[in-house]
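>>> Predicted model follows, preceded by the sequence.
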Amino acid sequence: MMKRIEHIGIAVRDLDSAERIFEDILGVPPFKREEVPSESVKVSFFQTGESKVELLESTSVSGPIAEHIEKRGEGLHHIAFFVDDLMEEIERLKLLGYRLISGPKEGADQKMIAFLHPADSSKVLVELCAER
Ligand code: ZN
């Protein structure tokens, strides 16, 4: 079962300036900055209620975030839903005909993650995440 929106991922060109903007908006500084080499990103997390905002800056010219910004510019990249059992959710959704585009794999913030194919979900990139 999808428990809640764990975080919203936003693709940015410059993490420092995006952090300043979201610190202004949310009234709190990021609680964590982390690099995920396998995804070619560095990320910042803000806590906002029980959900988070994840800012993602590409660390390479060809990673998924670089490609997203190239095609669509900065902005909303994905919505992540928290689940208790990642494999169980993946199996449930596969049976319903949904495809994964990546994962399950280790993501930022101590999570195991998987992404559904956005063509199957109204062009919204959906991330499923569970505690590692
Ligand atoms: Zn995410």
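It's in.
>>> For stretch 123-132, list every residue counted as buried.
For stretch 123-132, burial by neighbour count (16 or more other CB atoms under 10 Å) applies to 125-130. Yep, even glycine has a C-beta here, placed from its N, CA and C like the rest.
>>> quick one: contacts of it?
Contacting residues not belonging to stretch 123-132 are listed as 6, 9, 77-86, 89-90, 103, 106-107, 110-116, 118 [CB atoms under 8 Å, 6 or more residues apart in numbering].
>>> Among those residues, which lie within strands?
6, 9, 77-83, 103, 106, 111-116 (DSSP state E).
>>> which of those come close to the ion?
9, 80 (CB under 5 Å from the ion).
>>> Quick check: the residue of this structure nearest the ion.
Nearest residue of the chain to the ion, counting by CB to the ion: Gly9, 4.1 Å away.
>>> Please export the alpha-carbon coordinates of the helix or strand containing Leu55; CSV is fine.
Leu55 belongs to strand 51-58 when elements are defined using DSSP states H and E. The C-alpha coordinates for strand 51-58 follow below in CSV (Å, rounded to 0.1, in the frame of the first residue of the first chain):
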residue,chain,number,x,y,z
SER,A,51,7.1,14.7,3.4
LYS,A,52,10.3,16.0,1.9
VAL,A,53,11.5,18.1,-1.0
GLU,A,54,14.5,16.6,-2.9
LEU,A,55,16.5,19.0,-5.1
LEU,A,56,18.6,17.2,-7.7
GLU,A,57,21.6,18.7,-9.6
SER,A,58,23.3,16.6,-12.2
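>>> Nice, that's everything, thank you.
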